[in-house]
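Visitor: A predicted structure for the sequence below; I have some questions about it.
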Amino acid sequence: MKRFLTTGEVAQYFSVTVNTIKRWISEGKLRAILTPGGHYRIPREEFKRFLAQCNAIPSRKRILVVEDDPFTLRMLVDGLGILKDCEVEASRDGYEALIRIGEWRPHVLVTDIKMPRVDGKEVIRKVRSMEITRDMRILVVTAYPEEVKDLRGLVDGIFIKPIDMETLKETVKGLLGAETFKMEALWKDS
């Protein structure tokens, strides 16, 4: 049985950064021990206490929509916003999206491909290259089907504009239903 959790394990469970966990520790919200090597370890019982105290068991799924066209962005946000137990946010370009992904850790990313500053392909590659976001579900919406041929192994689905919103909503619901937290082992005693 694992007696202590790393800040990285706790951060992954809450879908926040390690720095957020360290801030909670420094603010006294979460008790931890400091190893001789200068790393924090959270006792398993403290983790359970913290969960109960803040009622922090994740309930709402997060969806980030990345689209530079204002009309399409509004349609996607409004259409996905009616999904039960979901929170939807928007970014207007890939650069903004990467920042938001780091802060908010969405469960599903719905992204356009051709965008200013950082395009959707670069966003997808960066998400897949980082351990903490590697398993994020990704859907592409694009008017340029020829641009997505090299993404097939990196994404969970591709939608060609104009988008059938009912099919997109059903796909997102399916991806969210398949979403499981890898931290289930934290609750097991063996």
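Guide: Good, I have the coordinates. All of these numbers come straight from a predicted model, not from anything done at the bench.
Visitor: give me the number of residues near Y40?
Guide: 20 (other CB atoms under 10 Å). Using the backbone N, CA and C atoms, a C-beta is placed for each residue, glycine as well.
Visitor: same check, this time on D156
Guide: D156: 16 neighbours (other CB under 10 Å).
Visitor: For it, which non-adjacent residue is closest in space?
Guide: Leaving aside its chain neighbours, D156 sits nearest to R137 (5.0 Å; criterion: CB to CB, 6 or more residues apart in numbering).
Visitor: Show me what the helix or strand where W24 lies is packed against.
Guide: In the assignment (DSSP states H and E), W24 maps to helix 18-26. Where contact means 3 or more CB pairs under 8 Å, 6 or more residues apart in numbering; DSSP states H and E, helix 18-26 is packed against helix 7-14, strand 40-43.
Visitor: I'd like the ones you listed as TSV, with distance to L98 appended.
Guide: Shown next, in TSV, are the helices and strands packed on helix 18-26 (distance: least, CB to CB, whole Å):
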stretch	distance to L98
helix 7-14	18
strand 40-43	27
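Visitor: Buried residues of the helix holding W24, list them for me.
Guide: 18, 21, 24-25 (16 or more other CB atoms under 10 Å).
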